[in-house]
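> predicted coordinates and the sequence they were generated for:
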Amino acid sequence: MTHPASSLVRPTWRFLTAHPAHFIALGFGSGLARRAPGTWGTLLALPLYAVLGLLLSPIQIAWLCLPAFALGCWAASRTGRALGVHDHGGIVVDEIVAMWLVLCTVPFTVLGWGLAFATFRLFDIVKPWPIRWFDRKVHGGFGVMFDDIVAAGYAIALLWVLLHWL
């Protein structure tokens, strides 16, 4: 859960470029958005995935999410400490990596990507059990990253039902 103090701490472009961890955690600047930084981070995942898709298969991108998750844990932890807010709203690397996982499971079409975006944002915002529990109880960079991976799992499950059974 984004800490209420995150609205009081506003990272700047100077902060973003002060350390590579900040640049990564803040989604290359997308996390600096004043409104809905998580949505902007999720949107950034789309063109990044498209570029990866030119070079790698969806399975390879899914495997790439493992080191990206580890990098995100480090970046989120360091940036959260620097901002003084464990899960600052501007930290969006978690949305990027989780969205890549969801995109690995849908067709490379406008409809597939639209459904992936909508379902992931739904579960990331609503946070049904156990996502909300992980969000509240698991701290540090791992906690920041993990609840979004669980939200991606929910999105993937719903998409599988929508795309295979309806």
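Structure's in. What do you need? Residues are numbered from 1 along each chain as shown.

> helices and strands around the host helix or strand of residue 24, which ones?
Secondary structure assignment for residue 24, by DSSP states H and E: helix 20-25. With contacts taken as 3 or more C-beta pairs under 8 Å, 6 or more residues apart in numbering; DSSP states H and E, helix 20-25 sits against helix 13-18, helix 58-83. Glycine gets a C-beta too; all of them are placed from N, C-alpha and C.

> let's check: the centremost residue of this structure is which one?
Nearest to the mean C-alpha position of the chain, by C-alpha atoms, centre = their mean, lies residue 95 at 0.9 Å.

> could you pull up phi and psi at that residue?
Torsion angles at residue 95 (phi, psi; degrees, to the nearest 10) stand at phi -60, psi -40.

> what sits closest to it if chain neighbours are left out?
residue 41 (4.0 Å; C-beta to C-beta, 6 or more residues apart in numbering).

> and for residue 125?
residue 38 (7.8 Å).

> where does the protein have low pLDDT?
Within the chain, the stretches with pLDDT under 70 are 1-8.

> mind doing that once more with 50?
Counting by pLDDT under 50, the chain contains low-confidence ranges at 2, 6.

> just the helices in it please.
13-18, 20-25, 37-55, 58-83, 93-103, 110-126, 131-137, 140-165 (DSSP state H).

> can you list those helices in JSON lines and add distance to residue 31?
Formatted as JSON lines, these follow (distance: least, C-beta to C-beta, whole Å):
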{"stretch": "helix 13-18", "distance to residue 31": "8"}
{"stretch": "helix 20-25", "distance to residue 31": "7"}
{"stretch": "helix 37-55", "distance to residue 31": "5"}
{"stretch": "helix 58-83", "distance to residue 31": "9"}
{"stretch": "helix 93-103", "distance to residue 31": "8"}
{"stretch": "helix 110-126", "distance to residue 31": "14"}
{"stretch": "helix 131-137", "distance to residue 31": "17"}
{"stretch": "helix 140-165", "distance to residue 31": "12"}
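
> if you compare those helices, which one is most tucked away?
Each of the helices of the chain was scored by mean neighbour count; the highest is helix 93-103, a mean of 28, by mean count of other C-beta atoms under 10 Å.

> for residue 88, give me phi and psi.
Dihedral angles for residue 88 - degrees, to the nearest 10 - are phi -60, psi 140.

> hmm, back to that, who touches the residue nearest to residue 125 in this structure?
89, 92, 95, 121, 124, 125 (C-beta atoms under 8 Å, 6 or more residues apart in numbering).

> ok, 7 Å please
89, 92, 95, 124 (C-beta atoms under 7 Å, 6 or more residues apart in numbering).
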